[in-house]
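K.L.:
coords please:
(6 chains)
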Protein chains: 4
Amino acid sequence: MAEEKDIFKQLFDQEEPFTEKQQKIVEAAIEMFADKGYASTSTSQIAKKAGVAEGTIFRHYKTKKDLLLSIVSPTMAKLIAPFVIRDINKVLDAKYERYEDFLKAMILNRQEFLKDNMTVFKILIQEIPFHPELKEQFKEHIAQKIFEKFTALVDHYKEKGQIIDLPSPAVVRFSATSIFGLLLVRYVFLPEEDWDDEKEIDLTVQMIMNGVGKE
Amino acid sequence: MAEEKDIFKQLFDQEEPFTEKQQKIVEAAIEMFADKGYASTSTSQIAKKAGVAEGTIFRHYKTKKDLLLSIVSPTMAKLIAPFVIRDINKVLDAKYERYEDFLKAMILNRQEFLKDNMTVFKILIQEIPFHPELKEQFKEHIAQKIFEKFTALVDHYKEKGQIIDLPSPAVVRFSATSIFGLLLVRYVFLPEEDWDDEKEIDLTVQMIMNGVGKE
Amino acid sequence: MAEEKDIFKQLFDQEEPFTEKQQKIVEAAIEMFADKGYASTSTSQIAKKAGVAEGTIFRHYKTKKDLLLSIVSPTMAKLIAPFVIRDINKVLDAKYERYEDFLKAMILNRQEFLKDNMTVFKILIQEIPFHPELKEQFKEHIAQKIFEKFTALVDHYKEKGQIIDLPSPAVVRFSATSIFGLLLVRYVFLPEEDWDDEKEIDLTVQMIMNGVGKE
Amino acid sequence: MAEEKDIFKQLFDQEEPFTEKQQKIVEAAIEMFADKGYASTSTSQIAKKAGVAEGTIFRHYKTKKDLLLSIVSPTMAKLIAPFVIRDINKVLDAKYERYEDFLKAMILNRQEFLKDNMTVFKILIQEIPFHPELKEQFKEHIAQKIFEKFTALVDHYKEKGQIIDLPSPAVVRFSATSIFGLLLVRYVFLPEEDWDDEKEIDLTVQMIMNGVGKE
DNA sequence: TATGAATGAGAATTCATTCAT
DNA sequence: AATGAATGAATTCTCATTCAT
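P.N.:
Residues are numbered from 1 along each chain as shown, chains lettered A, B, ... in the order given. Next up, the predicted model:
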């Protein structure tokens, strides 16, 4: 289990040194952006919550939008980190013989990541529609890459005779939206409910496999 | 096909008469709210786009938020219309013997509705997180009701031996997020792509059935 | 004397209707821009002096710079009005047989104009160096045009044998800076001194004529 | 030519030693003040252009205005240096028998000075209107002194029968504004043009002499 | 019903200056 | 001497809302 972390571990960890105040600003901003949305959060409110002068925010971030991007962009990158490693197929081949093992490992891993980044993820989801740059960034760098890799993966397991003969894109969309749906509901829509995460994941994987798996 | 409309037909149709200007205002607001978000759209921009004076907006809507609610609330109501009719089970019993027939009919119907209300639906999805009243309204009146009815439906088809023995809530969540995922991707995330709607729906239903269907 | 006004009368008089508040804003802005300079005058100070809300300024002028330009540009146009009338030579021919008569009439006329527009003229002079658009506007539309017309005029009086055989541009520059110098000192640098305007003008014309006149 | 330098040589040469950073700051400030004006140049921009930290500026100059004055005041003093030497009349008597010789020598000398200090001179001219202290300083110490000495000079040459019988102040103003006009146009307004300096000066002197000279 | 000028609270951002290191 | 993070007052500009016409 520990070794799985190796595969999916976060690839981008080079954070610049933050001053104490800057840290406070980012924390305050994350909390407020998630709560009320970027557009409805004023820099003066952020400053007050962070316990700094308003000017201090603009010493570290040229604009309010810069602050948003500095929060959201790294998370976007980390979100797809597991999919950008080279030769993912070979690695998976060695590690996960069955599609469902891979699915479960991946869900667990991304869930772990989301648990730690739930708030920023919420901001990401909420703000993407309103910021063309974010949308673009997301589409080109994230959605595209995940889709490609995932399709390759499905092809891979298809060849091994584990997946039924449906168009790979459909399988991918189905698998992805199933997982995305679970995580969205679990962490964004109804985070306050009691969840038996292990069981939910098992069920989801099981149902996906029933849907696309071959005997 | 005409009869299906009977079941899912829209229940709330009592619109007050709009003046021409008011119509223009609402149209402009819908377009801009969907595009840039409620908080980032100014009443002056709406007025300009609608070709009316700024004051005119406030003749018809006491506040900017009133304008938002007047747009979004009716759509929320209509969205669940199919699920609030009494004795839905009996009706379904008579009409759709199989779970998958029901699923397909429902998806087709809601898709039709979304096609006509895509923009407002987008606004609804985008603004819910930022407006506690909307969130509350949505949770209590919409999600709750759909979940209840849907669970009853699943129990209904379970009794008929068409659904495997998983906890009904899990089946509901799985079915719902699969459908919701499809519609979300289709109409909110990637509306510009070319879609073979009929086929996508069939595939989705098929996979859901593979996931939860018996035999 | 009244007829001279005909020749040099202001050509651009189409002012849009100002609201009372707008008038107040412009008056306050003119006074303060002249006194402290554009950059050192804040819109809140202008608003206070004009007795309006700060927002009102931006209802009438999109930006602070717009306010400046709306004040300065028309004056720039009016300043050269006398030189843009067609067939100025013919008119002059009929009216002023001698170069010095023309000079005196023109100085008197422009002096009249400056007396009425001293403050805006001061702003113009002071702000031109700091605003590339103004500089450009001034160079291309004003300086250029005056220089051309003036050169033609000098040629005209040269042909009549009234001006000595120096390069026309030099004569123009000398005449112009002599006049400009007088007006600058009189109205911008030392407006508070007691001046015998008639006499100063006569002296200046006399010295210019001594400098460039024949015989 | 070397001896002329004696007469007009700069009187104030005691500059304090500048650190390298300080030098950079002053250079940056001069360039930016001349370009955008004092009020529109921020200390942070100066710091960036000078390649120093913002705080460093305030190590050397208590305030931003101090920085301006430290740049502008010495130039103001040097500008009138030639006129503050005692017994200028006697010196001139010995050196320049004719008014026009004196004029030409002086213009050449001041032109040399301006050529080396054009940028600071531009700042001086541009900022005087906005800073009462500067204005005061200029009027009392500069304009006043030049005017007095110049008047004495004109009287001096009048007695020698070289200048016609006009009121000396008028002659002074005329001569001064002619020269000032030339230098202003040459170095502030149109510095980029090609100038035949020698010739322009000769022409100006000639025209002044025609204007005020006897025979 | 419709207008649009006017408002004042508040938004993002800039700025000269201070101070601990 | 030099730094650069921090400040808070001030600046330009926006915005939802009001109201006399």
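K.L.:
give the rounded mean pLDDT of stretch A:49-56.
P.N.:
The average pLDDT within stretch A:49-56 is 96.
K.L.:
only C-alpha atoms, please: export it in CSV.
P.N.:
Extracted in CSV, the C-alpha atoms of stretch A:49-56 (Å, rounded to 0.1, in the frame of the first residue of the first chain):
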residue,chain,number,x,y,z
LYS,A,49,-9.3,37.8,8.5
ALA,A,50,-5.6,37.3,7.9
GLY,A,51,-4.7,40.0,10.4
VAL,A,52,-2.6,42.0,8.0
ALA,A,53,-2.9,45.4,6.3
GLU,A,54,-4.7,45.4,3.0
GLY,A,55,-1.6,46.7,1.2
THR,A,56,0.3,43.6,2.3
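K.L.:
buried set for stretch A:46-61?
P.N.:
A:Ile46, A:Ala47, A:Lys49, A:Ala50, A:Val52, A:Thr56, A:Ile57, A:His60, A:Tyr61 (16 or more other Cβ atoms under 10 Å in any protein chain shown). C-beta: built from backbone N, CA, C; applies to glycine.
K.L.:
same check, this time on stretch A:192-203
P.N.:
A:Glu200, A:Ile201, A:Leu203.
K.L.:
need the buried residues of stretch A:46-61 in TSV with distance to chain D, can you?
P.N.:
As requested, those are arranged in TSV below (distance: Cβ to the nearest Cβ, whole Å):
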residue	distance to chain D
A:Ile46	22
A:Ala47	20
A:Lys49	27
A:Ala50	22
A:Val52	18
A:Thr56	15
A:Ile57	16
A:His60	15
A:Tyr61	16
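K.L.:
can I get the residues you listed in a markdown table with secondary structure and distance to C:Lys145?
P.N.:
Listed next are the buried residues of stretch A:46-61 as a markdown table, based on DSSP: H, G, I helix; E, B strand; the rest coil; distance: Cβ to Cβ, whole Å:
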| residue | secondary structure | distance to C:Lys145 |
| --- | --- | --- |
| A:Ile46 | helix | 54 |
| A:Ala47 | helix | 53 |
| A:Lys49 | helix | 59 |
| A:Ala50 | helix | 58 |
| A:Val52 | coil | 56 |
| A:Thr56 | helix | 52 |
| A:Ile57 | helix | 50 |
| A:His60 | helix | 51 |
| A:Tyr61 | coil | 49 |
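K.L.:
what parts of chain A come near DNA strand E?
P.N.:
A:41-45, A:54-55, A:57-59, A:62-65 (Cβ under 7 Å from any atom of the strand).
K.L.:
so which of the residues you listed is the closest to chain D?
P.N.:
A:Arg59 (10.3 Å; Cβ to the nearest Cβ).
K.L.:
which secondary structure element contains the closest one?
P.N.:
Using DSSP states H and E, A:Arg59 falls within helix A:54-60.
K.L.:
repeat that for A:Gly161.
P.N.:
Counting by DSSP H and E, A:Gly161 is found in no helix or strand.
K.L.:
okay, the residue nearest the centre of chain A: pLDDT?
P.N.:
The centroid of chain A falls nearest to A:Leu79 when counting by Cα atoms, centre = their mean (3.8 Å). Looking at A:Leu79, its pLDDT reads 84.
K.L.:
state the distance from it to chain B.
P.N.:
With distances taken as Cβ to the nearest Cβ, to the nearest Å, A:Leu79 is found 16 Å from chain B.
K.L.:
next one: A:Glu136
P.N.:
From A:Glu136 over to chain B (counting by Cβ to the nearest Cβ), the distance is 13 Å.
K.L.:
and what of A:Lys21?
P.N.:
Taking Cβ to the nearest Cβ, one finds A:Lys21 at 27 Å from chain B.
K.L.:
how close does that residue sit to A:Arg59?
P.N.:
Distance, A:Lys21 to A:Arg59, by Cβ to Cβ, to the nearest Å: 9 Å.
K.L.:
got a list of what A:Val120 touches?
P.N.:
A:Ile30, A:Ala34, A:Ile71, A:Val72, A:Thr75 (Cβ atoms under 8 Å, 6 or more residues apart in numbering or on different chains).
K.L.:
kindly export stretch A:98-118 (C-alpha atoms) in CSV.
P.N.:
The C-alpha trace of stretch A:98-118 is given here as CSV (Å, rounded to 0.1, in the frame of the first residue of the first chain):
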residue,chain,number,x,y,z
ARG,A,98,-6.7,-6.1,-13.0
TYR,A,99,-8.5,-2.9,-14.1
GLU,A,100,-10.5,-2.9,-10.9
ASP,A,101,-7.3,-3.0,-8.8
PHE,A,102,-6.1,-0.1,-10.6
LEU,A,103,-9.4,1.8,-10.3
LYS,A,104,-9.5,1.2,-6.6
ALA,A,105,-5.9,2.2,-6.0
MET,A,106,-6.4,5.4,-8.0
ILE,A,107,-9.6,6.3,-6.3
LEU,A,108,-8.1,5.8,-2.9
ASN,A,109,-5.1,7.9,-3.9
ARG,A,110,-7.0,10.8,-5.4
GLN,A,111,-9.4,10.6,-2.5
GLU,A,112,-6.4,11.0,-0.2
PHE,A,113,-5.3,14.0,-2.2
LEU,A,114,-8.8,15.5,-2.2
LYS,A,115,-9.2,15.0,1.6
ASP,A,116,-6.1,17.2,2.0
ASN,A,117,-7.1,19.7,-0.6
MET,A,118,-10.8,19.7,-0.4
